[in-house]
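K.L.:
Next come a sequence and a model predicted from it.
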Amino acid sequence: MLISARFNGPTGSANGGYAAGRFAQALLRAEPATVVPGRPVRVTLRRPPPLDTELRVARTADDALSVEAGGDPVTLIAEAEAVAGTVDGPTVPPVDLATAEAASARYPGHAAHPFPDCYVCGPRHPDGLRVFPGPVGDGRTAAPFVVPDDRTVPTVWAALDCPGGWTVLAPGRPYLLGRMTATVAALPAPGQRCVVVGDLLETSGRKAEVRTTLYDAAGQPLAAAQATWIAIAGPPPGDGAV
């Protein structure tokens, strides 16, 4: 497996949601008989997923997947496992497209962004998803999501990623994705205008627990996620300038 530099997040590494989606997809393809469509997958990122680097995906003793890079020594990048039931907690309540567009106009990342070249939410990315989640006013974030022609399961994971992070991201307080559990019930059609909403569940020390939901234009949920973001110490990778 190789993650192209197009799908970057912080400088030098992949967008966490996209990478997690790739690892989840690898697990689903490896177990078509036991992992049913819509079943959640939990991905834990142990290291920033590298770009344009060959990654090895292997079965573990407990029937999960490990993702490794390097030769001697081997570096554990991530672990993926199917989980029972549904993503914990209810979905984030939806907003309509007009509300999402108004929130996106207030996106704080337009003024200051720790990772301005992020594939999902970076204003400087020339070929990204351009999901710009702004505050709704009640603690939630919301953004329109125009589905690209080459949409995949990892694309949906990516769209679910950053709107959760922006419930806690603030100038001088960067976070990175640490763990993400997501379920995709259906892939939206290319060109469809969807809405993704995020909500902060709790914070504890350097960790923030968030959730996100992707809705179609009619307000039907297509995918949902719960994620743990971890605050990083010191200046973020990259220059942070928009």
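P.N.:
Right, received. Where do you want to start?
K.L.:
Could you use CA atoms for every contact and neighbour count after this?
P.N.:
Fine.
K.L.:
So which residues of this structure form helices?
P.N.:
Along the chain, the stretches classed as helices by DSSP state H are 16-30, 97-105, 153-165.
K.L.:
Please state the offset of the second one from the chain centre?
P.N.:
For helix 97-105, the distance from its own C-alpha centre to the chain's C-alpha centre is 20 Å (CA atoms, centre = their mean, to the nearest Å).
K.L.:
now do stretch 92-106
P.N.:
Distance, centroid of stretch 92-106 to centroid of chain: 18 Å (CA atoms, centre = their mean).
K.L.:
For that stretch, buried residues please.
P.N.:
By 16 or more other CA atoms under 10 Å, the buried positions in stretch 92-106 come out as 92, 94-97, 100-104.
K.L.:
Would you mind checking which of those residues is nearest to N8?
P.N.:
S104 (21.3 Å; CA to CA).
K.L.:
Around the spatially closest residue to that closest one that is not a sequence neighbour, count how many other residues there are.
P.N.:
Spatial nearest neighbour of S104, excluding adjacent residues (CA to CA, 6 or more residues apart in numbering): G134 at 4.6 Å. The tally of other residues near G134 (other CA atoms under 10 Å) stands at 26.
K.L.:
Would you confirm that G134 contacts T99?
P.N.:
No: at 10.1 Å, G134 and T99 do not qualify as touching, with contact defined as CA atoms under 8 Å.
K.L.:
returning to that earlier point: so the residue nearest to S104 versus A69, what's the distance?
P.N.:
35 Å (CA to CA, to the nearest Å).
K.L.:
what do you get for D216?
P.N.:
37 Å.
K.L.:
list the contacts for A105?
P.N.:
By CA atoms under 8 Å, 6 or more residues apart in numbering, A105 lies in contact with G134.
K.L.:
Per-residue pLDDT of it, please?
P.N.:
On pLDDT, A105 comes in at 97.
K.L.:
ok, back up a step: overlap in contacts of G134 and T99?
P.N.:
Joint contacts of G134 and T99 (CA under 8 Å, 6+ apart) are A142.
K.L.:
for the buried residues of stretch 92-106, which one is nearest H110?
P.N.:
When these are compared against H110 (criterion: CA to CA), the nearest one is S104, at 9.6 Å.
K.L.:
so what's that closest one up against?
P.N.:
Counting by CA under 8 Å, 6+ apart, S104 has contacts 132-135, 142-144.
K.L.:
how about 10 Å then?
P.N.:
98, 110, 131-136, 141-144 (CA atoms under 10 Å, 6 or more residues apart in numbering).
K.L.:
Dump the residues you listed to a markdown table, plus distance to A185 and pLDDT.
P.N.:
Shown next, in a markdown table, are these (distance: CA to CA, whole Å; pLDDT from 0 to 100):
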| residue | distance to A185 | pLDDT |
| --- | --- | --- |
| A98 | 24 | 97 |
| H110 | 31 | 93 |
| V131 | 20 | 98 |
| F132 | 23 | 98 |
| P133 | 22 | 98 |
| G134 | 25 | 97 |
| P135 | 26 | 97 |
| V136 | 25 | 96 |
| T141 | 22 | 97 |
| A142 | 20 | 98 |
| A143 | 20 | 98 |
| P144 | 19 | 98 |
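K.L.:
Make a ChimeraX selection of whichever of these turn out to be buried.
P.N.:
Typed into ChimeraX, the line below selects the buried ones among the contacts of S104, using 16+ other CA under 10 Å:
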select :110,131,132,133,134,135,136,141,142,143,144
